[in-house]
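[1] Predicted model and sequence follow; I will ask about them next.
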Amino acid sequence: MSDRDLVPAAPAVRQSGGRSVRLAAVVLAIGVAGVDQLAKAWARTLTAPVEIAPFLNLDLSFNRGVTFGLLSADGETGRWLLVALTGAVASAVLTAAWRTRRPALALALGAVAGGALGNIADRIRQGAVTDFIDLHLGDWRWPTFNLADAAIVCGVAALLWISVKTGAARS
């Protein structure tokens with residue numbers, strides 16, 4: 001009898017589920033980044049704002065900072081510092097997505113990572129993030145954003161929901 005015979009095998013479903021969860025997170029991250037890049041390429045062809053609805057325009061702009069223009073990086077040093085910072089965050093998020101076996105958590109992390117990767121690609125390629133979704137109500141305007149930003153917000157909202165749900169289950 002070998003040592004391997006003494007260690008119970010993990011159920012096959014659990015093993016393949018782990019691989020499936022990892023694959024889903026990675027596919028979602030790549031899909032989000034890809035769709036985001038395609039949408040931004042199209043948005044860069046806009047020559048004037050396009051009204052979609054009374055509260056929604058497509059209006060091209062470029063953001064050299066992070067969320068809502070914070071930490072604006074006008075110089076090359078700032079640009080590459082933001083690339084390094086957001087790259088480190090995206091790597092940590094992808095690592096967490098890879099390690100978890102919880103599907104909802106993996107997908108939420110995959111959405112955040114995909115959004116981060118989409119914005120990093122812009123910053124590397126053109127020095128700024130392409131934004132084009134303009135939500136407004138009368139004179140009030142939300143800062144212009146893109147699909148990567150929306151994926152990050154949805155992923156973070158899902159993470160908060162998972163945290164609350166998990167915390168409630170432990171109580």
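    Noted; the coordinates are in hand.

[2] Sort out which residues of the longest helix anywhere in the chain are buried, please.
    If you go by DSSP state H, the chain has its longest helix at helix 12-43. Of all the residues in helix 12-43, those buried under the rule 16 or more other C-beta atoms under 10 Å are 18, 21-22, 25-26, 28-29, 32-33, 36-37, 39-40, 43. All C-beta atoms are positioned from the backbone trio N, CA, C, and that covers glycine.

[3] Rank those residues by pLDDT and give me only the lowest.
    Lowest in pLDDT among the buried residues of helix 12-43 is G18, which has 78.

[4] Just confirm that residue contacts R99, I think it does.
    No. G18 is not in contact with R99 according to C-beta atoms under 8 Å; the separation is 9.6 Å.

[5] OK, contacts around the closest residue to D36 other than its chain neighbours?
    Computed as C-beta to C-beta, 6 or more residues apart in numbering, the closest residue to D36 that is not its neighbour in sequence is G118, at 3.4 Å. Residues near G118 by C-beta atoms under 8 Å, 6 or more residues apart in numbering: 32-33, 36-37, 40, 146-148, 151.

[6] where's G118, which helix or strand?
    Element membership for G118 (DSSP states H and E) is helix 103-126.

[7] measure the residue nearest to D36 to V32 for me?
    Separation of G118 from V32 (C-beta to C-beta, to the nearest Å) stands at 6 Å.

[8] what residues are shared contacts of the two?
    Joint contacts of G118 and V32 (C-beta under 8 Å, 6+ apart) are 147-148, 151.

[9] which among those residues gets closest to N57?
    L147 (15.4 Å; C-beta to C-beta).

[10] in whichever helix or strand comes after the longest helix of the chain, what's buried?
    Note on helix 12-43: by DSSP H and E, the next helix or strand toward the C-terminus is strand 50-53. Neighbour counts over strand 50-53 (16+ other C-beta under 10 Å) mark no residue as buried.

[11] Neighbouring strands - and their directions - for the helix or strand just after strand 50-53?
    Counting by DSSP H and E, the next helix or strand C-terminal to strand 50-53 is strand 56-63. In its sheet, strand 56-63 lies beside strand 50-53 (antiparallel), strand 129-137 (antiparallel), with partners assigned from DSSP bridges.

[12] quick one: average confidence on the shortest one?
    In this model, strand 50-53 has a mean pLDDT of 96.

[13] How about the last one?
    Model confidence over strand 129-137 averages 97 on the pLDDT scale.
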